[in-house]
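Engineer: let me see the structure of the following:
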Amino acid sequence: MASLFWQTTGTGDRDLVLLHGWGLNAEVWSYIVPRLVPYFRLHLVDLPGYGRSRGYGALILEEIAEEVASRAPHGALWLGWSLGGLVATTVARRRPQAVAGLVTVASSPRFCADGDWPGMRPEVLEGFARELRQDFTRTVSRYLGLQTLGTASARQDTRWLKSVVLAHPAPATEVLTGGLALLRKSDVRKALDQLDVPLLRLYGYLDGLVPRKVVPLVDELSPASQSIIFAGAAHAPFISHPALFCQALCDFSQRES
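Structural biologist: Next up is the predicted model:
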């Protein structure tokens, strides 16, 4: 039987749902939880099939969004990192009346390069999928290394991310492969123009997975949204720049309260 892990903590008066990225789990947020608990009721979720959310197979994007949204409080802010950003955007598109605001972190409406659209090469994600079947630990370690590449604290941050992955049983290969397929195939660019919720987009200047060249393109797709690029950050700005990251999040929450 499938069971979704959901933990609520914090003494603030605003609900904030946090969705992690591919291969990880909600423990990734423990780095910034102490900074956020005075201001929010945090809802820490392991996406279906990841971490402590067991019993799931590979789901399509809309299925993941509905599974998580069915547990969430009405009127929450939603924050999604990387793959989690696709999920949170899908929730906001399908249930705008239930979402007070959306924050995407190091996320793109189209992760793969597509014509003039910058992003990861499809063959890179396909290579990860092939390698997963042979060596889970090595493949995930390589992916996590890409997330911190170029930052001043890259080695330390990668070790921390690996510890988060290894703290819980590995997701099933089917789930991980399905997640890579979502990153490779999903395209929610048209959905951005249809969003009826406030949107904040946070990026890392050094991000090799979601290149900064995508920022002005998404600015055009969503002119009412706000974008912030953290200098010196890569794919995990909440780890390399926690104070600046949390300040941006709190400022957004206050504006949209």
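
Engineer: ok, now how distant is Leu4 from Leu19?
Structural biologist: Computed with Cβ to Cβ, to the nearest Å, the distance linking Leu4 and Leu19 is 12 Å. No exception for glycine: its C-beta is placed from N, CA and C like everyone else's.

Engineer: with His43 instead?
Structural biologist: 9 Å.

Engineer: just want to know which of these two has more residues nearby.
Structural biologist: Set His43 next to Leu19 and count neighbours by other Cβ atoms under 10 Å: Leu19 wins out with 29 against 24.

Engineer: do a quick rundown of the strands in the stretch 51-200 of the chain.
Structural biologist: 76-81, 99-105, 199-204 (DSSP state E, counting those that start in this stretch).

Engineer: still on that earlier bit, intersection of neighbour lists for Leu4 and Leu19?
Structural biologist: 45, 68 (Cβ atoms under 8 Å, 6 or more residues apart in numbering).

Engineer: what's the local residue count around the closest residue to Leu132 other than its chain neighbours?
Structural biologist: Closest residue to Leu132 apart from its sequence neighbours, by Cβ to Cβ, 6 or more residues apart in numbering: Thr139 at 5.0 Å. By other Cβ under 10 Å, 20 other residues sit near Thr139.

Engineer: from Phe128, how far off is Thr139?
Structural biologist: The spacing between Thr139 and Phe128, counted by Cβ to Cβ, is 6 Å.

Engineer: for Arg52, list the residues it contacts.
Structural biologist: Arg52 is in contact with 5, 25, 46, 168, counting by Cβ under 8 Å, 6+ apart.

Engineer: go through the lowest-mean-pLDDT helix or strand in the chain and flag the buried ones.
Structural biologist: Sorting the helices and strands of the chain by mean pLDDT, DSSP states H and E puts helix 136-148 at the bottom, at a mean of 82. For helix 136-148, a neighbour-count test (16 or more other Cβ atoms under 10 Å) marks 136, 139-141, 143-144, 146-148 as buried.

Engineer: now distance to Gly84 too, for those residues, in CSV please.
Structural biologist: Shown next, in CSV, are these (distance: Cβ to Cβ, whole Å):
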residue, distance to Gly84
Phe136, 20
Thr139, 19
Val140, 16
Ser141, 20
Tyr143, 15
Leu144, 15
Leu146, 17
Gln147, 13
Thr148, 17
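
Engineer: what residues does stretch 199-206 touch?
Structural biologist: Taking Cβ under 8 Å, 6+ apart as the rule, stretch 199-206 contacts 92, 101-107, 149-151, 192, 210, 212, 215, 218, 222, 224-237, 240, 245, 248-249, 252.

Engineer: any stretches of the stretch 151-257 of the chain with poor pLDDT?
Structural biologist: Within the stretch 151-257 of the chain, no stretch has pLDDT under 70.
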